[in-house]
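K.L.:
need a structure here:
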Amino acid sequence: MFAAERRQLILEMVRANGAVSLRELARVVQTSEVTVRRDVRALEAEGLLDRRHGGAVLPGGLSRESGFPQKSHLATAEKTAIADLAAGLVEEGEAVVVGAGTTTQELARRLARVPGLTVVTNSLLVAQALAHANRVEVVMTGGTLRGSNYALVGSGAEQSLQGLRVSRAFLSGSGLTAERGLSTSNMLSASVDRALVQAASEVVVLADHGKLGTDTMFQTVPTDVITRLVTDEPPPGDDRAAAELQALADQGVRIAVAGSTKGPDTGGRPRDGAGRPKEGHRPRQLAEGEGRRDLPLPGPRRTRLPGGAPAPYGRPTGSHGTDEGQPGQPPGRIADLAPRRR
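P.N.:
As a prediction, the model looks like this:
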């Protein structure tokens, strides 16, 4: 199939469905995702479509929200890898809030194996994923059901979160930029997400590389409130996502990249078959830089230290700042969270 024929077929699929994943496009036109990504980039340059969330969508200014059936087929492999990595942050007996979204739904499926966990959520999909987890307590907010993403929104949801305090909030959204932080296309969803953030000591954003650099209408979490970002590695040539990661790291966001050869950093604790830390084992202290890797990001900000070593992200050459709670670690340094194999 010639390039012009492929691109015409891609354009027809996007117009018919509103949003189509790169994987599905590659399957239909019978070529690789690398070739499809190049075709989508060419069509975007002509203003015929936009690249979003590991796929292509109809063109428009600020990104419009897709419904659950469309989102569930976008960037599925990336969402799975992100959920696997983020689940390593959660310990037995914790209380967390989990927002609505297909990525957080994937996370919930993995949290079902964590005993003694309490999950507060406004998402029916998250609650459904945890419904048969006997050792997990699920607390749902009140509110009005929003059918497009199966989430409870409105004043009832927000009021039910008042006075709540948990260790972490896991949130997703429609777009993430260093300038505005996490955003979504729906005002009611944004308002509930803000209430979820207020209830948590730490905010963890789950976003695949397709959402990086995408700005949508309503801000949910400002960049300076985001503690961690769990994402996947941008493909070669995706300069926009790579530059956004650099900018987020420069602002102090701790970034974990799924899909590396190392697994969630558990502080050296061995895990049992269900992924839980084994009882009676005291974690050893990590040496500086152990269990971490730099993510190669293109651009002029990537400098070299004396001796040829690349400078870590979020740390200008010659800087000696430290990341709060991590002695010796520069702010915004990109780090893996997954368990090292012993």
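K.L.:
Tell me who's in contact with residue 6.
P.N.:
29, 31, 35-36, 39 (CB atoms under 8 Å, 6 or more residues apart in numbering). From N, CA and C alone the C-beta is placed, and that goes for glycine too.
K.L.:
isn't there a helix covering it?
P.N.:
Yes: assessed by DSSP: H, G, I helix; E, B strand; the rest coil, residue 6 belongs to a helix.
K.L.:
Helices of the stretch 1-150 of the chain, residue ranges please.
P.N.:
Applying DSSP state H, counting those that start in this stretch to the stretch 1-150 of the chain gives helices spanning 3-17, 22-29, 33-45, 68-71, 76-87, 102-111, 124-130.
K.L.:
so where's the chain uncertain?
P.N.:
16-18, 52-53, 60-75, 260-342 (pLDDT under 70).
K.L.:
Surely residue 84 touches residue 258?
P.N.:
Yes: counting by CB atoms under 8 Å, residue 84 touches residue 258, with 6.7 Å between them.
K.L.:
So for the two, which residue has more residues nearby?
P.N.:
Neighbour comparison, residue 84 and residue 258: the larger count goes to residue 258, with 25 against 19 (by other CB atoms under 10 Å).
K.L.:
With residue 44 as the reference, measure out to the closest residue to that one other than its chain neighbours.
P.N.:
Distances taken as CB to CB, 6 or more residues apart in numbering put residue 81 closest to residue 258, at 3.8 Å, once the chain neighbours are dropped. According to CB to CB, to the nearest Å, residue 81 and residue 44 sit 25 Å apart.
K.L.:
When those two are compared, which one has more neighbours?
P.N.:
Legend: neighbour count by other CB under 10 Å for residue 81 and residue 44, higher for residue 81 (22 against 15).
K.L.:
show me what contacts the more buried one?
P.N.:
With CB under 8 Å, 6+ apart, residue 81 has these contacts: 232, 258-259.
K.L.:
Next, format those as a markdown table and append distance to residue 49 and secondary structure.
P.N.:
Shown next, in a markdown table, are those (distance: CB to CB, whole Å; DSSP: H, G, I helix; E, B strand; the rest coil):
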| residue | distance to residue 49 | secondary structure |
| --- | --- | --- |
| 232 | 22 | strand |
| 258 | 27 | strand |
| 259 | 26 | coil |
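K.L.:
gap between the closest residue to residue 48 other than its chain neighbours and residue 28?
P.N.:
Residue nearest to residue 48 in three dimensions, not counting chain neighbours: residue 11, with 5.8 Å by CB to CB, 6+ apart. Residue 11 is 12 Å from residue 28, where distance means CB to CB.
K.L.:
Next: residue 175.
P.N.:
26 Å.
K.L.:
Kindly reformat the contacts of residue 81 as TSV containing distance to residue 107.
P.N.:
Converted to TSV, the contacts of residue 81 look like this (distance: CB to CB, whole Å):
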residue	distance to residue 107
232	14
258	12
259	16
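K.L.:
with those in mind, which one is nearest to residue 57?
P.N.:
Using CB to CB, residue 232 comes nearest to residue 57 of the contacts of residue 81, at 18.9 Å.
K.L.:
bridging residues for that closest one?
P.N.:
residue 258 (DSSP bridges).
K.L.:
my guess is it contacts residue 83, does it?
P.N.:
No: with contact defined as CB under 8 Å, residue 232 does not count as touching residue 83 (10.8 Å).
K.L.:
Could you identify the buried members of the contacts of residue 6?
P.N.:
Among the contacts of residue 6, those classed as buried by 16 or more other CB atoms under 10 Å are 29, 31, 36, 39.
K.L.:
what distance separates the start and the end of stretch 10-24?
P.N.:
10 Å (CA to CA, to the nearest Å).
K.L.:
Revised request: answer the last question for stretch 129-147.
P.N.:
Stretch 129-147: ends 17 Å apart by CA to CA.
K.L.:
If you count neighbours, what's buried in it?
P.N.:
Here stretch 129-147 shows 129-130, 133, 136, 138, 140-141, 143, 146 as buried, counting by 16+ other CB under 10 Å.
K.L.:
okay if I get the buried ones among the contacts of residue 6 as TSV plus distance to residue 15?
P.N.:
Below are these laid out as TSV (distance: CB to CB, whole Å):
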residue	distance to residue 15
29	15
31	20
36	16
39	15
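K.L.:
Looking at those residues, spot the one nearest residue 228.
P.N.:
Nearest to residue 228 among the buried ones among the contacts of residue 6, with distances taken as CB to CB, is residue 36, at 30.9 Å.
K.L.:
quick one, what contacts that closest one?
P.N.:
Residue 36 sits in contact with 6, 10, 22, 25-26, 29, where contact means CB under 8 Å, 6+ apart.
K.L.:
ok, so of the buried residues of stretch 129-147, who is nearest residue 50?
P.N.:
Looking across the buried residues of stretch 129-147 and measuring by CB to CB, the closest to residue 50 is residue 146, at 23.7 Å.
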